[in-house]
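>>> can't give you the sequence, but here's the structure:
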């Protein structure tokens with residue numbers, strides 16, 4: 001039986017590189033992988049782009065209100081696996097539709113994405129994947145202090161930003177990101193996880 005997989009990790013953990021490698025592995029065996037990503041991710045436009053420079057055009061650029069099941073149903077006999085980049089930007093409904101693909105069409109779906117935004121709040125798509133995915137795997141990366149990075153820190157003009165919309169694409173509008181362990185995240189953002197009334201000097 002096919003499964004719904006969720007591979008999550010902080011930025012720079014190599015999620016897109018893994019998709020490209022997985023796509024290559026299927027192609028090498030004469031099998032067909034379908035690559036898709038939400039249109040919310042404007043980086044690379046209709047391509048998935050790895051930080052090491054590799055890229056590939058997606059088969060489907062998913063619009064916010066698009067039915068993912070309907071995208072696949074007409075040609076599903078020729079699909080061996082579905083690879084989804086930036087899955088945190090999917091809606092809850094679209095994640096549910098991916099599960100329907102797994103169950104009804106018996107196609108494995110491998111989703112890759114962030115768990116939380118720069119405020120350490122969960123993305124709706126990621127939350128739903130954590131709730132229903134058959135298998136969940138953390139892709140690890142390292143904080144500058146040497147510990148495991150769990151969180152994403154937003155920078156604008158090189159300075160830490162703690163307010164704003166959840167979605168701001170890396171490289172657009174002078175926005176960049178770095179990753180941090182829990183201690184460094186709290187230090188950089190100057191925010192306690194559960195004590196907003198405490199002021200830092």
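Perfect, I can see it now. Note that the structure is a prediction, hence the values are computed from the model and not measured.

>>> Contacts only, for the closest residue to residue 175 other than its chain neighbours.
Nearest residue to residue 175, sequence neighbours excluded (CB to CB, 6 or more residues apart in numbering): residue 168, at 4.8 Å. No exception for glycine: its C-beta is placed from N, CA and C like everyone else's. Counting by CB atoms under 8 Å, 6 or more residues apart in numbering, residue 168 touches 118, 154, 175.

>>> is it true that the second one touches residue 163?
This means residue 154. No - Residue 154 is not in contact with residue 163 according to CB atoms under 8 Å; the separation is 9.5 Å.

>>> the more surrounded of these two?
The neighbour count for residue 154 versus residue 163, taken as other CB atoms under 10 Å, is higher for residue 154 (22 against 7).

>>> From the chain's centroid, how far away is whichever strand or helix holds the more buried one?
In this assignment (DSSP states H and E), residue 154 forms part of strand 151-156. Mean-position distance between strand 151-156 and its chain equals 15 Å (CA atoms, centre = their mean, to the nearest Å).

>>> same check, this time on stretch 163-179
Its chain's average C-alpha position is 14 Å from that of stretch 163-179, according to CA atoms, centre = their mean.

>>> Ok, stretch 136-151 next?
Distance, centroid of stretch 136-151 to centroid of chain: 15 Å (CA atoms, centre = their mean).

>>> Endpoints of that stretch, how far apart?
This stretch, stretch 136-151, spans 17 Å end to end (CA to CA, to the nearest Å).

>>> what does the average pLDDT come to for that stretch?
For stretch 136-151, mean pLDDT is 95.

>>> Please work out which residues outside that stretch touch it.
Taking CB under 8 Å, 6+ apart as the rule, stretch 136-151 contacts 5-15, 18, 112, 116, 118, 120, 129-130, 178-185.

>>> Wasn't the residue nearest to residue 175 part of a helix?
No - assignment of residue 168 by DSSP: H, G, I helix; E, B strand; the rest coil gives coil, placing it outside any helix.

>>> Now do it against residue 128, distance only.
22 Å (CB to CB, to the nearest Å).
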